[in-house]
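*Asks:* Predicted structure and sequence below. I'll ask about it afterward.
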Amino acid sequence: MAAFAEGTPCWLDVSLPDLEAGKRFYGALFGWTFTAGPDPAAYAEALSEGERVAGLVAKRDGRMPTSWGVYFATRDVARARQRVLRAGGLMVREPVRVGRLGIVALAADPGGAVFGLWQDERDDRPEPGPDSASGIGFGFGRQGVPGSFCWTEVYTRAPEPVDAFYEDVLGVTGSDLPRLPGEEVPFRVWSVGGGEPGEDREVGGRSVITEAFPAVLPGHFLNYFAVRDCDATAAAVVRLGGRVREAPFDIPSGRMAALTDDQGADFAVLAERPAGVAAAGAAASLPAEPDATPRHETADALPAHEPAAEAAPEPGQGPAKPAPEPKPDEEPRDAP
């Protein structure tokens, strides 16, 4: 697998009270299969078409939030830790070695959003690849296609210090998107690789938690999965015991929905619009929470971190690239 550029999302995992229930839910929703970790009761790796797409972690402490969390690649996690502290963040979990897969750490930005850092050390091994003992590997083997991760964005009440924080810690270049008519929430896109920002280098973004949200809602990351049919996926989530936080709606890059699984972990899905196809509506305003629940099956196969906040934010402007929005990552999650 090619190395991940500095500051690029490289992994995603979800902390759940019931690991087996999580495998049933996401297996039915995305068609994932699973490989057990060294401790099958504690960790499972999700596969799509035989490629790594996410991790499922059994919560060891019921006080920790049930949530999806994203990890960013770094060449030197020790130096990244120093940048976190220098830029006004804090370490939620100090760097720890994960077998022969590298070193991971959890940090929080100045607005309280938690994220992971992962230093890949596979190049130090004679044969890079999955850990020979467990079959578990490092990083996404598949992304940006249906059934896999496609976008992440942080929600914050402190955009200015948070913008400076990620540009320093992750080395990303931020650029503000022009607002659509009637749009009030500013959105900033992150690009990697230096130089001028461009869609081919966009890896995530930053939105703002406005006064419309509960005051107790902390900063958090919202992670997106690509799907073929956004509406069918939303319907399947409800049939599988989850719920729709924001009904499917159009944004410039496609059609998205904000969802919650059957154990309370929030995530979003995006059906990317083919090139040249115009949006049916603007992403200037969010639809109201649906009062009618969509009508169990695999979504894409359907025919036509201390106490977690109770409410998750609705999507802001959504990504400029293949994916956009919702999920509070408020308190520390268990590391993989």
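*Replies:* Happy to help now that I have it.
*Asks:* Out of the helices and strands in the protein, which is least certain?
*Replies:* Sorting the helices and strands of the chain by mean pLDDT, DSSP states H and E puts strand 173-176 at the bottom, at a mean of 91.
*Asks:* Check which helices and strands that one sits against.
*Replies:* Packed against strand 173-176 by the contact rule (3 or more CB pairs under 8 Å, 6 or more residues apart in numbering; DSSP states H and E) you find helix 159-169, strand 188-191. No exception for glycine: its C-beta is placed from N, CA and C like everyone else's.
*Asks:* what comes up buried for it?
*Replies:* Judged by neighbour count (16 or more other CB atoms under 10 Å), strand 173-176 contains these buried residues: 173-174.
*Asks:* so where is the protein shaky, pLDDT-wise?
*Replies:* In the predicted model, the chain carries pLDDT under 70 at residues 1-2, 122-137, 180-182, 194-198, 275-336.
*Asks:* a helix runs through residue 29, doesn't it?
*Replies:* Yes. Residue 29 sits within a helix when classified using DSSP: H, G, I helix; E, B strand; the rest coil.
*Asks:* wait, it sits on residue 236?
*Replies:* Yes. Counting by CB atoms under 8 Å, residue 236 is a contact partner of residue 29 at 5.8 Å.
*Asks:* picking up where we left off before, output the helices and strands packed on strand 173-176 in TSV; the columns should cover mean neighbour count and distance to residue 22.
*Replies:* Below are those laid out as TSV (neighbours: other CB atoms under 10 Å; distance: least, CB to CB, whole Å):
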stretch	mean neighbour count	distance to residue 22
helix 159-169	19	29
strand 188-191	24	29
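*Asks:* who wins for proximity to residue 99 among the ones you listed?
*Replies:* Nearest to residue 99, of all the helices and strands packed on strand 173-176, is helix 159-169, at 25.0 Å by CB to CB.
*Asks:* what helices or strands is that closest one leaning on?
*Replies:* With contacts taken as 3+ CB pairs under 8 Å, 6+ apart, helix 159-169 sits against helix 77-86, strand 149-156, strand 173-176, strand 188-191, strand 202-208.
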